[in-house]
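Visitor: Curious how this folds, go ahead:
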Amino acid sequence: MSSATGPGRSIHHWLFALTVFLSAFLLFQVQPLISKYILPWFGGSPAVWSTCMLFFQVTLFAGYLYAHFVSTKLSPRGQAMLHAVLLGAAALLLPITPDDAWRPTGHDEHPILRIVALLTASVGLPYFVLSTTGPLLQRWFSQQSPGTSPYRLYALSNAGSLLALISYPFAFEPALHSTAQASLWSAGFLIFGIGCIFCARGQLHLKAQAATTTADETEAVAPNWSDRALWFTLAMVASVMLLATTNQVCMDVATVPFLWIVPLTIYLMSFILTFDGDRWYSRKWYLVLLMLSMLGVVRMLLTGPMVSIVVQVGIYLAALFFCCMVCHGELARQRPGSKHLTSFYLLMSAGGAAGGLFVGLLAPYVFPSYWELHVGIVACFIATLAVLFRDKASYLHAGQPRAAWLLIGAWGLIMTLALQSHAREALHGALAVSRNFYGVLRVEDDLTERPEMNRRGLFHGSILHGTQFLAPERRQQPTTYYGPQSGAGLILKTHRAGQPRRIGIVGLGVGTLCAYGQPQDTFRCYEINPEVIRLARDYFTFLSDTPARTEMITGDARLSLEHEPPQNYDVLVLDAFSGDAIPTHLLTREAADLYLRHLQNDGVLCVHISNLHFDLRPVVQGLARHLDMHCVCLQAAANEEQGTSLCHWMLLSRQPLSSDVLTSAEKLDRPSDRTLLWTDEWSNLLSVLR
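Guide: Next up, the predicted model:
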């Protein structure tokens, strides 16, 4: 087999390098792009990202399977011809912008199936073609340039992926609308396609026999079944830890691309370092760091969400990095010769897809709470033990094996017992636990020595979403963020009091605001999670005790409001949370226009902005300016005896609020020094990070 020499060989190498780099860049740029695009369509849930990741991992596996099949079953010429046809078919489906017909209607739908179908129709084939590029072009490179290792291209591929992820939240997301991002991505795909065609041309000149007999391949030792099983296991453990860590971080902070991208960036960085060369991975040091960081994760799980966001995220991400470095470092140590390159990547991608299937599909139906991280930590321990046991030169066999066994065994036992304790604690004392696409809900009683202070609470993950006093004489007393001095409480007590009113509530909680209802009132509640409605009815009595008429609308509030005629609300309360973050799609210009259409001329829009990590005042002020409405920010202090919490509300109205509201408020917050106007195509939570 002939190959290029001199400048021609250099150009040939650069062509492969640039094509592989661009394919990886596009492959990982489209993940946050398309996920954020459809996030508002499905209620802003963290499960949207998990479902998208599941789709991308399974499609990546399909692409690697294609690459393995094509490179082993077809002649070089057949490979080039088939791939050219596939590239042309994918180009015909551009641009990748999802059609509005895929928007859910908000009624009795299966979001996971709809998201998968949407992604398949809009980006499925282009993403599949990109996913084949890494292993296929590395195989072609090894055939067209015998004697040159293709694994450097793998490191370059991961560098392109890393650049895509880092650049998205800091360059593309702040600067471009979603539609412009999709158009730019589609143009990049066409450039990639041209480069791939030029790489394929080299296959046309290869003889079938020559393409399978490089020196590297003839000396390669065929991997056995245990090697392949370990490849699969290490890749799966890293994938489970990636998705479980992402869920853990997003659950109590926010469902935003930045917090999706950072864990994935760490995951890719470990690939780059371990496959670039042996100098980046030291088993001894990384195992020590892994053990220490996992202890930190357990401490965070047991401590709870009140620890600083920087500390929380830092510890979780450090543990993810060390876990990925160990898993991928051991994979890099065991990588085979180029003859088995595609099967190696195939099993790695199969492990990644299996991890995605476990976290995205199996865990929500098997576990009553978020236990994926617990399983991932235990699996990481078992996989590490298997690696050390197989290696006869490891600590378990050389030096002082008894001390090594005792140390690792003690660490594993401590971690397992601590994780079991945390898992039991999540269920201990719970009256009800429910998990679905939208997260984990838990009902608990808080019993004290004073019967009049006994309360029942609803938790979403670790965030309290409403309480009710258990004493009959206090059951209708509004608590937490909805006390009489809160912004919503003041409005519902005073606005059009004594007259028939229509009240809209986006986000039910336990139905606390219905305690303000009068016989002539109608409370229409929008709740995306049907389990919230069930628990509010079965374990709390705000809905059954209120004298007002109540209507319950299941589904995303924006989608429901878009399909409803004007409701003429006197008060519309915006209080929809996932974890501790208001979904951004409820604070965009388009959403505000929708709210205004459903408000009476003298209606009031109440926006709950209590948030540990984000200052949403500039965003709500931007909406008020856009709608030409008056805007007031009210703060109410916590009162343990009354069961109320510190809260912040912003009230928007066409006319100035009545003096009754303003004089009754505990504190009028100063306005923010800036305003932001988010849209469905542009929003950036980093800009309001506290």
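Visitor: any low-confidence regions in the stretch 401-550 of the chain?
Guide: 426, 462 (pLDDT under 70).
Visitor: Quick one: the helices in it, in order.
Guide: 401-427, 487-494, 530-539, 542-545 (DSSP state H, counting those that start in this stretch).
Visitor: from the ones you listed, which stretch is densest packed?
Guide: helix 487-494 (a mean of 24; mean count of other C-beta atoms under 10 Å). The C-beta positions use only the backbone N, C-alpha and C, and glycine is treated the same way.
Visitor: distance between it and the chain's centre?
Guide: Centroid separation for helix 487-494 versus its chain: 35 Å, with C-alpha atoms, centre = their mean, to the nearest Å.
Visitor: can you check stretch 434-450 too?
Guide: 23 Å.
Visitor: Quick one: end-to-end distance for it.
Guide: End-to-end span of stretch 434-450 (C-alpha to C-alpha, to the nearest Å): 29 Å.
Visitor: returning to that earlier point: make JSON lines out of the helices of the stretch 401-550 of the chain and add distance to Leu662.
Guide: Converted to JSON lines, the helices of the stretch 401-550 of the chain look like this (distance: least, C-beta to C-beta, whole Å):
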{"stretch": "helix 401-427", "distance to Leu662": "43"}
{"stretch": "helix 487-494", "distance to Leu662": "9"}
{"stretch": "helix 530-539", "distance to Leu662": "32"}
{"stretch": "helix 542-545", "distance to Leu662": "27"}
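Visitor: Quick one, which of these gets closest to Asp660.
Guide: helix 487-494 (4.8 Å; C-beta to C-beta).
Visitor: just the CA coordinates of the closest one, formatted as CSV?
Guide: Once non-C-alpha atoms are left out, helix 487-494 reads as follows in CSV (Å, rounded to 0.1, in the frame of the first residue of the first chain):
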residue,chain,number,x,y,z
GLY,A,487,-46.3,39.7,48.3
ALA,A,488,-48.9,37.1,47.2
GLY,A,489,-50.6,37.1,50.6
LEU,A,490,-51.0,40.9,50.6
ILE,A,491,-52.4,40.9,47.1
LEU,A,492,-54.8,38.1,47.7
LYS,A,493,-56.1,39.7,50.9
THR,A,494,-56.6,43.2,49.5
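Visitor: what about the nearest residue in space to Gly517 that is not next to it in sequence, how many residues close to it?
Guide: The spatially closest residue to Gly517, leaving aside those adjacent along the chain, is Ala548, at 2.7 Å (C-beta to C-beta, 6 or more residues apart in numbering). Ala548 has 17 neighbours, counted by other C-beta atoms under 10 Å.
Visitor: Quick check: Ala548 vs Glu564, distance?
Guide: Ala548 sits 19 Å away from Glu564, going by C-beta to C-beta, to the nearest Å.
Visitor: Scan the helices and strands of the chain for the one with the lowest mean pLDDT.
Guide: helix 215-218 (a mean of 46; mean pLDDT, DSSP states H and E).
Visitor: helix or strand right after it?
Guide: helix 225-252 (DSSP states H and E).
Visitor: so what does the following helix or strand past that following helix touch, helix or strand wise?
Guide: Per DSSP H and E, the first helix or strand lying C-terminal to helix 225-252 is helix 257-276. In this structure, helix 257-276 packs against helix 6-38, helix 151-167, helix 225-252, helix 309-333, with contacts taken as 3 or more C-beta pairs under 8 Å, 6 or more residues apart in numbering; DSSP states H and E.
Visitor: and the last one, what does it pack onto?
Guide: Helix 309-333 is packed against helix 225-252, helix 257-276, helix 283-303, helix 372-390, with contacts defined by 3+ C-beta pairs under 8 Å, 6+ apart.
Visitor: quick one, longest strand in this protein?
Guide: Secondary structure of the chain read by DSSP state E shows that its longest strand is strand 599-608.
Visitor: Mind listing the strands it pairs with, and their directions?
Guide: In the sheet containing strand 599-608, the strands it pairs with under DSSP bridges are strand 569-574 (parallel), strand 647-653 (antiparallel).
Visitor: hey, least reliable of those strands by pLDDT?
Guide: Least confident of the strands paired with strand 599-608, judged by mean pLDDT, is strand 647-653 with a mean of 93.
Visitor: Name the residues that touch that strand?
Guide: Contact partners of strand 647-653, identified using C-beta atoms under 8 Å, 6 or more residues apart in numbering, comprise 480-483, 486-488, 491, 602-610, 617, 620-621, 623-624, 627, 629-636, 657, 661, 669.
Visitor: how far is that strand from where the chain is centred?
Guide: 29 Å.
Visitor: what do you get for stretch 197-206?
Guide: With C-alpha atoms, centre = their mean as the basis, stretch 197-206 stands 39 Å off its chain's centre.
Visitor: so who does Ile115 touch?
Guide: 38, 42, 48, 51-52, 55.
Visitor: where's it, which helix or strand?
Guide: helix 111-144.
Visitor: Could I get the buried residue list for that helix?
Guide: 111-112, 114-116, 118-119, 122-144 (16 or more other C-beta atoms under 10 Å).
Visitor: Also stretch 657-667?
Guide: 657, 661, 665.
Visitor: how about the nearest residue to the second one, chain neighbours excluded?
Guide: Counting by C-beta to C-beta, 6+ apart, Leu490 is the residue found nearest to Val661 once chain neighbours are left out, at 5.0 Å.
Visitor: now the one you found: how far from Pro263?
Guide: Leu490 is 41 Å from Pro263, by C-beta to C-beta.
Visitor: Please tell me I have it right and the residue nearest to Val661 contacts Ala665.
Guide: Yes - using C-beta atoms under 8 Å, Leu490 is in contact with Ala665, at 6.4 Å.
Visitor: what is in contact with these two at once?
Guide: Common neighbours of Leu490 and Ala665 are listed as Leu634 (criterion: C-beta under 8 Å, 6+ apart).
Visitor: per-domain residue ranges of the chain.
Guide: Per the record, the chain has its domains at 1-219, 222-428, 476-688, by automatic domain parsing.
Visitor: Leu464: which of those domains is closest?
Guide: domain 476-688 (6.7 Å).
Visitor: Quick check: end-to-end length of that closest one?
Guide: Termini of domain 476-688 sit 36 Å apart (C-alpha to C-alpha).
Visitor: Next: stretch 328-337.
Guide: By C-alpha to C-alpha, the extent of stretch 328-337 from end to end equals 17 Å.
Visitor: which parts of it are buried?
Guide: Buried, per 16+ other C-beta under 10 Å, within stretch 328-337: 328-332, 334-337.
Visitor: How far off centre is it?
Guide: 29 Å.
Visitor: Let me know the average pLDDT across that stretch.
Guide: Stretch 328-337 comes out at a mean pLDDT of 84.
Visitor: Please apply the same query to stretch 68-85.
Guide: Average pLDDT, stretch 68-85: 87.
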